[in-house]
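# let's see this in three dimensions:
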Amino acid sequence: FKSEPNDIISDKDAPKKKDSSMNLTSKALRPFVIISSSYLLFTVTDGAVRMIVLLHAYNKSFSALEVAIMFSLYELAGVFTNLAAGFMGAKWGIKF
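Residues are numbered from 1 along each chain as shown. Purely as a prediction, here's the structure:
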């Protein structure tokens with residue numbers, strides 16, 4: 001069996017194919033990493049803000065019912081915000 005020079009695949013071509021697939025994978029993961037990091041930071045700061053608001057309401061002598069209503073309205077606003085963001089994301093997508 002005698003091979004022709006054109007039949008031989010050089011080693012220089014192999015890393016290029018691997019690098020291009022690696023580059024596509026990193027491009028595909030970029031939105032995931034950005035959104036996940038943002039959500040993690042938001043979760044931490046949201047919990048801290050809730051505690052600050054709770055302590056502030058305690059210092060201002062709000063009743064337990066008033067604080068419960070305030071947090072219920074806060075959560076309801078979050079539901080509508082997430083619903084609107086979901087519709088916008090489905091319609092226009094995430095573009096980077």
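# now the strands for this protein?
Shown for the chain, no strands are assigned by DSSP state E.
# run the chain-centre distance for stretch 87-96.
A distance of 13 Å separates the centroid of the chain from that of stretch 87-96, by C-alpha atoms, centre = their mean, to the nearest Å.
# stretch 74-82 now?
Worked out by C-alpha atoms, centre = their mean, stretch 74-82 lies 18 Å from the chain centre.
# got the contact list for it?
Stretch 74-82 has contacts (C-beta atoms under 8 Å, 6 or more residues apart in numbering) with no other residue. Quick note: C-beta positions are derived from backbone N, CA and C, even for glycine.
# can you give me the distance of A28 to G86?
Applying C-beta to C-beta, to the nearest Å, the value for A28 to G86 is 21 Å.
# can you pull out the low-pLDDT segments for the protein?
Within the chain, the stretches with pLDDT under 70 are 1-24, 96.
# the longest helix in it is where?
helix 13-59 (DSSP state H).
# which other helices and strands does that one contact?
Using 3 or more C-beta pairs under 8 Å, 6 or more residues apart in numbering; DSSP states H and E, the elements in contact with helix 13-59 are helix 64-92.
# and the helix it packs on, what's buried?
Neighbour-count burial for helix 64-92, counted by 16 or more other C-beta atoms under 10 Å, picks out no residue.
# now do it: distance to the chain's middle.
That offset, for helix 64-92, works out to 18 Å (C-alpha atoms, centre = their mean).
# again with stretch 27-43
3 Å.
# in that stretch, what's buried?
Buried residues in stretch 27-43 (16+ other C-beta under 10 Å): none.
# could you give the angle of the longest helix of the chain to helix 64-92?
150 degrees (axes from the mean of the first three to the mean of the last three C-alpha atoms, to 10 degrees).
# now the residue positioned nearest the centre of the chain: how far from S61?
The structure's the chain has its C-alpha centroid closest to I35; by C-alpha atoms, centre = their mean the separation is 1.6 Å. As judged by C-beta to C-beta, I35 and S61 stand 40 Å apart.
# who are the contact partners of V33?
Applying C-beta under 8 Å, 6+ apart, no residues qualify as near V33.
# cool, and M70?
V53, A57, F62.
# quick one, which of those residues are buried?
Buried residues within these, counting neighbours by 16+ other C-beta under 10 Å: A57.
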